[in-house]
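In: fold the following.
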Amino acid sequence: MGRQVIETVATELPRLKMSYEEFLDWSGDTTHAEWVDGEVIVFMPPVELHQRVIFFLASLLERFVGLHDLGVVIVAPFEMRLPDGSAREPDILFVRREHFDRRTDLRLEGPADLVMEVTSDSTAAYDRRDKFAAYQRAGVPEYWLVDPRPGKQRLEVFSLSPDGLYESLAPDSRGLQPSLVLPGFWVDPRWLRELPLPDPDDAIMEIAPDAYFAKIRAMYEARRRSPENGSPSHR
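Out: Numbering: from 1, shown residues only. Model prediction:
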């Protein structure tokens, strides 16, 4: 792993001055915005490609997490309140079962175990600079930064080192991008350059074939033995 140097680029996201309490009253269930240091950062409406990539990655992550009963995957808008008091809304977050005490109906009180941000023209600098620093400072163990924009396709994963700094996690010898927080989970960066994007079920069969087919067999056996199917054990 190598230490990442973050570019300093100005961001032009709209900002509104208000207190955290005012932010809670102002924001709604579908509002995608963050509260940081007395300001609300308002995100521009996303383009279709951005949303499709989020859906694909969240579906893939949720399937893997579900197969192994590891925790929960949540997509934006959902508040992650960090120790510095800021209210962030990652595109995708994962929380381990052992950290479910951080969950409430309204927000996650503390850092997620893994965060994914899918960048766009309006958020690229913000995700790479501000959120990188915020997630590192808060102790988010793993940060995935995904850029699907045509001509700029890039997948980067940062893992928190013992000294509390993000280091880049390189792809493996096959060019696949692994996760340390979720051993066995990986993403092929080439998938993000395909349109249409791969079917999540096809992709998870590549990532975790044994667990996937074990689940299918278990579902088949459960249905075969159900009373509705006239199983001999229920006659």
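
In: ok, now how distant is Tyr212 from Asp202?
Out: 10 Å (CB to CB, to the nearest Å). Glycine gets a C-beta too; all of them are placed from N, C-alpha and C.

In: comparing these two, which shows the higher neighbour count?
Out: With neighbours defined as other CB atoms under 10 Å, Tyr212 and Asp202 compare such that Tyr212 has more, 17 against 9.

In: so Lys156 touches Trp144, yeah?
Out: Careful, residue 156 is Glu; it's not Lys. Yes. With contact defined as CB atoms under 8 Å, Glu156 and Trp144 form a contacting pair (7.4 Å).

In: who has more neighbours out of those two?
Out: Taking neighbours as other CB under 10 Å, Glu156 and Trp144 compare with Trp144 leading, 24 against 18.

In: who touches that one in this structure?
Out: Leu57, Ile92, Leu114, Val115, Met116, Glu117, Leu155, Glu156, Val157, Phe158 (CB atoms under 8 Å, 6 or more residues apart in numbering).

In: which of those sits closest to Val140?
Out: Val115 (5.3 Å; CB to CB).

In: any idea what Trp186 is bridged to?
Out: Pro178 (DSSP bridges).

In: I misspoke; the intended subject was Arg103.
Out: Beta-bridge pairing for Arg103 (DSSP bridges): Leu108.

In: now do the same for the residue nearest the centre of the chain: its pLDDT.
Out: Centroid-nearest residue in the chain: Ile92, 2.9 Å away (criterion: CA atoms, centre = their mean). Ile92 is assigned a predicted lDDT (pLDDT) of 98.

In: what about the closest residue to Ser59 other than its chain neighbours, how many residues nearby?
Out: Nearest residue to Ser59, sequence neighbours excluded (CB to CB, 6 or more residues apart in numbering): Pro200, at 3.9 Å. Neighbours of Pro200 under the rule other CB under 10 Å: 18.

In: do the same with Arg193
Out: Arg193: 12 surrounding residues under other CB under 10 Å.

In: that one and Arg128, how far apart?
Out: 20 Å.

In: and if you look at Phe94?
Out: Distance, Phe94 to Arg128, by CB to CB: 20 Å.

In: so which of those two has more stuff around it?
Out: The neighbour count for Phe94 versus Arg128, taken as other CB under 10 Å, is higher for Phe94 (28 against 21).
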